[in-house]
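K.L.:
3D, please:
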Amino acid sequence: MAEQTKIMVEATVNAPVEKVWKAWNTPADIIQWNTPDPSWHTPSSENDLRINGKFKNRMEAKDGSFGFDFEGTYDKVELHKEIAYTMADGRTATTLFTEKGGKTMLATTFDPETENDPEFQKQGWQAILNNFVKYVENK
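P.N.:
Below you'll find the model as predicted:
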């Protein structure tokens, strides 16, 4: 099987990197923003932000029809700059944080899974990222 190309999603948050980093990594915040649309929610989040530390976010449809744990292990944690991790299924993802003029640019690159169309996956990750931007800017 041919290796799939990584997918990238990007957004700019009108907030300093310290605020963005904190909201990205704090379980109480993650529960608030980690959803692609209002029919989903994240009822629980655990995050041990350090190399070899683990994270686990429980994502569920609000109607109870479906749910899964999004989890992985951190490979790289560089304060206010980069987070890289390996998901439970072996795929990897990296998020870069770049502050410029009081705004923070986020860029996440990830390996697609094979069950869903890559464009669908990109839309889902982008929707979560957009929700994150809205959450931080209104916090």
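
K.L.:
strands paired with the longest strand along the chain, and their directions?
P.N.:
Counting by DSSP state E, the longest strand found in the chain is strand 67-78. Applying DSSP bridges to the sheet, strand 67-78 is found paired with strand 54-61 (antiparallel), strand 82-87 (antiparallel).

K.L.:
buried ones in it, by neighbour count?
P.N.:
The neighbour-count check on strand 67-78 (16 or more other CB atoms under 10 Å) flags 72, 74, 77 as buried. In short, each C-beta sits where N, CA and C put it, glycine included.

K.L.:
got it, and stretch 120-139?
P.N.:
121, 125-126, 128-129, 131-133, 135-136.

K.L.:
and for stretch 57-67?
P.N.:
57-60.

K.L.:
right, and Lys81 touches Thr94 too?
P.N.:
No - the pair Lys81 / Thr94 is not scored as a contact, 10.9 Å apart, by CB atoms under 8 Å.

K.L.:
understood, closing this out.
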